[in-house]
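Novice: Take a look and give me a structure for this.
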Amino acid sequence: MPAFGASVTQTHRRTKSNGAVSDHIDPHDAAFRKYSLNNLVTMDTTNLSTLSANGDAIIEKRKHKVCIATCNRADYSKLGPIMIAIEKDPDMILQTIVLGCHLIDDYGSTYRLIEQDGLNIDSRLHTIVRGEDEAAMVESIGLAMVKLPDVLLRLQPDILVVHGDRFDALSLAATAALMNIRILHIEGGEVSGTIDDSIRHAITKLSHYHICCTERAHSRLLAMCEDNERIMLAGCTSYDMLLTAKVRDCDDLIHKWVGPEAEKQDYIIALQHPVTTNIKHSITMFGLMLDALLTFDKKVVILFPNIDAGSKEMTRIMRLKGIEHHPNFRPAKHIPFEEFIILVANAGCMIGNSSAGVREAGAFGTPVVNLGSRQTGRETGENVLHCREADTTQKILHSLEIQYQKQFPPSYIYGDGHAIPRIIKFLKNIDVDKEIQKGFVFPPMPESISKDIDHILETQSALAVDMGGTQLRVAIVSNEGEIKHLESRSTPDNNESRLRTLMEMLVDASQKAIGLSCRILGVGISTGGRVNPREGIVMHATKAIEGWNNIDLRTPISSKLHLPVWVDNDGNCAALGEKKFGFGKNSANFITIATGTGIGGGYIQDGKLLHGTNFCAAELGHTKVSMDGPECLCGGRGCLESYSSGGALQREAKALMKEGGLVVNGMKIGAKEEITAKHLIQSAKLGNTKAQAVLNIGARALATATISLLHILNPSMIVLSGHFAPIYHEEVSKTINREALDSAKGVEIKVSELKEPALLGAASLVLEYATRRTY
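Specialist: From the prediction side, this is the model:
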């Protein structure tokens, strides 16, 4: 029986055929001995202890050895920032493996980018079997798995980081899993619509930890039985660069890649890869795209496809059509990522099936035509038009005509610019001494997912703005409708001061959100007047906010905060708030009537807010309830607002006061106190019949307008909100039951229970859209 500790350091002794004994070093034992000794040396220098002045050992925290494997130009754009951050961190050691297309000249020999960033490459593995067909892809996976064990045995990483859904990444994950190395997978849980999904999900099941970019991806990982405590929703790392990049001063760069005469938005970026589940169709579609681009006759920067099966045929089609020598086309094997995003930001359109059209282009609102099925499962912003069939040149050409040079707001579905620090914190919190065995969390799934900041998850929230005539309020509102923070200031009297004050309050709230562990998904603004929600512009406001006309709120706020911004009028916001947080949760068709200084409203039809052709649908305050009647602020007569609004009640209260008929026993009004609607209500409650008569007229006017709405639109419910809703409710219900058609009498008339309808409505602009699109 050999002595423990000796079996790996002594040579094997083999008996020759003549009975002599010879010393023979088994190659496996030699390798094991070599790598074990190397590992011990590494641990001596990085992991163990130093001596204090009196000679005692001081135990230091062991540095994490994080190995990042990068396979091509695309994944390095995501992994590179993480690698640089790890290199700078004193508590971690970066190890780098380069394989795949990085080392092929036809694809730009992009490993040089890593060297240019000042990073050391620990191992270069030539793993690609050329042929660009299905068999070559499989052989490449096998070749990588033959070469990787020696490298990983030498490096002995604590954590291996792999990215995405490429076949190279699958070979890395399978090898590391079998070698009991912890795997961190980046961008798991996403859906793109091709074989990539199968590869990505296979890597997910092999991986121990996960970085995902969207809430929907996070939900899919949970549905795949992954442990929530090992998942971090960080956003896409490329957005850390996108949202800070200076993309406007770029004429020289455009001239470099597009041509000396090129201008901003006067060129197209084309980037299409093979779809390995239907290679023949994807090659045909590539040819149709080139034909469409030739017909469209614009400058085109076209990148060569990746190395998937079918790429060789696609390159051949480019050459057959003369693309490499056509004056309108500029082919490129590789464009550095920091230059590529500037080209994307300033392009008139992007076409193809690259994920860059879904992710990077969305951050700039660049129009995109996505061809075929390769990205149809991914979450997209408004800027993406899908041409799923793409089976004729005419379809693709028509899509280009629709999208080219069109303007879209930026979307931040995939990130907020802070992914890298989240990932570094997550990596450092991994216990590399803990048992490596992976566990699964099987259904039933927990009803509520922990969003504790210790798990590096945050509460989905919105910045909500209530732009009133007297008060400007900004709140942080959670997805559950909880107001986490509220600040109120007096509304300034000119537009410049209003915008400056609003921006200051939003910046302050953004900073407070960090301490409250709130992830801000966007900004929602509720304001009086007519609003163009598509452009985020206040077209013209009520007299309560004098001069608040033709104000672009979206552009300056989005540029400052790097957040999407939604704007709508206060009546529509009241309806959306009711749909998200109130009685409208389970109703597809209802009307909200907002009673305040004016009268507004919103109409939800088939679950969607109705804006109308000129964005003035549900202007209920100017519904006519009388042929003549009092004069309205709009200049007309007999409007609902001239009877039932706070302004109308104030007018009648002042008239009663002048006649001496307002004040009754129990009331006190100061000599300089302004008469308002509240005095009228107080007087009516104390038994003043004249005051009550005024309120009854207001209620009947509101009921008359409501009956018209019931007869025309036939909603399932009417929700009264605002200050006067409880005052009017009883009389409105009685009048409807007395005067409406039988078919309308059964409709529920409810008083909203929302305490802050304006702020909750503004928040719902963000939360309904952003969580549906899923950030």
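Novice: low pLDDT regions in this structure?
Specialist: 1-61, 193, 443-457, 543-544, 770-775 (pLDDT under 70).
Novice: The longest helix along it packs against which elements?
Specialist: For the chain, the helix with the greatest residue count under DSSP state H is helix 689-713. Packing partners of helix 689-713 (3 or more Cβ pairs under 8 Å, 6 or more residues apart in numbering; DSSP states H and E): strand 590-595, strand 599-605, helix 641-644, helix 646-659, helix 677-685, strand 717-722, helix 725-739, helix 742-745. C-beta coordinates here come from the backbone N, C-alpha and C atoms, glycine included.
Novice: what's the span of stretch 590-607, first residue to last?
Specialist: Stretch 590-607 has an end-to-end distance of 9 Å (Cα to Cα, to the nearest Å).
Novice: in it, what's buried?
Specialist: Neighbour-count burial for stretch 590-607 flags 590-604 (criterion: 16 or more other Cβ atoms under 10 Å).
Novice: quick one on the thing from earlier: would you mind finding the most buried of the helices and strands packed on helix 689-713?
Specialist: strand 590-595 (a mean of 29; mean count of other Cβ atoms under 10 Å).
Novice: quick one, which of the helices and strands packed on helix 689-713 is nearest to residue 753?
Specialist: Distance to residue 753, taken as Cβ to Cβ, is lowest for strand 717-722 among those, at 9.3 Å.
Novice: hang on, the earlier thing: I'd like to check the angle between the longest helix of the chain and helix 646-659, please.
Specialist: 160 degrees (axes from the mean of the first three to the mean of the last three Cα atoms, to 10 degrees).
Novice: so helix 689-713 versus strand 590-595, what angle?
Specialist: Using the same axes, to 10 degrees: helix 689-713 against strand 590-595 is 150 degrees.
Novice: tell me the angle of helix 689-713 relative to helix 677-685?
Specialist: Using the same axes, to 10 degrees: helix 689-713 against helix 677-685 is 110 degrees.
Novice: buried ones in helix 689-713?
Specialist: In helix 689-713, counting by 16+ other Cβ under 10 Å, buried: 690-692, 694-695, 697-710.
Novice: ok, now stretch 149-161?
Specialist: So stretch 149-161, judged by 16+ other Cβ under 10 Å, has buried residues 151-161.
Novice: Out of those residues, which sit inside helices?
Specialist: Checked against DSSP H, these include these in helices: 151-155.
Novice: Columns distance to residue 282 on top of those residues, output as CSV?
Specialist: As requested, these are exported to CSV (distance: Cβ to Cβ, whole Å):
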residue, distance to residue 282
151, 33
152, 34
153, 39
154, 39
155, 37
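Novice: Among those residues, find me the one that's closest to residue 753.
Specialist: Out of these, the member with the shortest distance to residue 753 (by Cβ to Cβ) is residue 152, at 60.0 Å.
Novice: show me what contacts the closest one?
Specialist: Contact partners of residue 152, counting by Cβ atoms under 8 Å, 6 or more residues apart in numbering, are 67, 160, 175-176, 179, 181.
Novice: Is it possible to mark the buried ones in those?
Specialist: 67, 160, 175-176, 181.
Novice: of all these, which two lie farthest apart?
Specialist: Every pair of the buried ones among the contacts of residue 152 checked by Cβ to Cβ; the farthest is 67 and 175, at 11.6 Å.
Novice: Which strands or helices does the helix or strand encompassing residue 79 pack on?
Specialist: In this structure, residue 79 sits in helix 73-88 according to DSSP states H and E. Using 3+ Cβ pairs under 8 Å, 6+ apart as the contact test, the elements touching helix 73-88 are strand 64-70, strand 92-99, helix 111-116, strand 159-163, strand 182-186, helix 238-242, helix 337-346, helix 419-428.
Novice: chain center to it, what's the gap?
Specialist: 21 Å (Cα atoms, centre = their mean, to the nearest Å).
Novice: Is the residue nearest in space to the middle of the chain in a helix, a strand, or coil?
Specialist: Most central in the chain under Cα atoms, centre = their mean is residue 413, positioned 1.6 Å from the mean C-alpha point. Secondary structure, DSSP: H, G, I helix; E, B strand; the rest coil: residue 413 is coil.
Novice: Hmm, it is touching residue 378, no?
Specialist: No. Between residue 413 and residue 378 there is no contact under Cβ atoms under 8 Å: 9.1 Å.
Novice: Which neighbouring residues are in contact with residue 384, exactly?
Specialist: By Cβ under 8 Å, 6+ apart, the neighbours of residue 384 are 357-358, 361-362, 368, 370.
Novice: same deal with residue 666?
Specialist: By Cβ under 8 Å, 6+ apart, the residues touching residue 666 are residue 686.
Novice: Strands of the stretch 301-450 of the chain, start to end?
Specialist: Using DSSP state E, counting those that start in this stretch, the strands of the stretch 301-450 of the chain run over residues 329-332, 349-352, 368-371, 384-387.
Novice: export those to TSV and tack on distance to residue 549?
Specialist: Supplementary listing: the strands of the stretch 301-450 of the chain in TSV, determined by distance: least, Cβ to Cβ, whole Å:
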stretch	distance to residue 549
strand 329-332	45
strand 349-352	33
strand 368-371	33
strand 384-387	33
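Novice: quick one: which of these is nearest residue 277?
Specialist: Among these, strand 368-371 sits nearest to residue 277 (Cβ to Cβ), with 15.1 Å.
Novice: Tell me the strands beside the closest one, with direction?
Specialist: Looking at strand 368-371 with DSSP bridges, its partner strands are strand 349-352 (parallel), strand 384-387 (parallel).
Novice: Which residues does that strand contact?
Specialist: Here strand 368-371 has contacts from 272, 285, 289, 349-353, 357-358, 361-362, 376, 380, 383-387, 390, 396, 399-400, 403, using Cβ under 8 Å, 6+ apart.
Novice: Filter these down to the buried ones, ChimeraX style.
Specialist: In ChimeraX syntax, the buried subset of the contacts of strand 368-371 is picked out as below (16+ other Cβ under 10 Å):
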select :272,285,289,349,350,351,352,353,357,358,361,362,376,380,383,384,385,386,387,390,396,399,400,403
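Novice: quick one: the helices in the stretch 301-450 of the chain?
Specialist: 311-320, 337-346, 355-358, 360-364, 393-403, 419-428 (DSSP state H, counting those that start in this stretch).
Novice: Please identify which of those is closest to residue 683.
Specialist: That would be, of these and by Cβ to Cβ, helix 360-364, which comes in at 56.7 Å.
Novice: residues touching residue 351, list them.
Specialist: 268-272, 289, 293, 357, 368-369, 371, 396, 399-400.
Novice: could the residues you listed go into CSV alongside distance to residue 99?
Specialist: Converted to CSV, the contacts of residue 351 look like this (distance: Cβ to Cβ, whole Å):
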residue, distance to residue 99
268, 32
269, 27
270, 27
271, 22
272, 24
289, 30
293, 33
357, 26
368, 30
369, 33
371, 29
396, 35
399, 37
400, 37
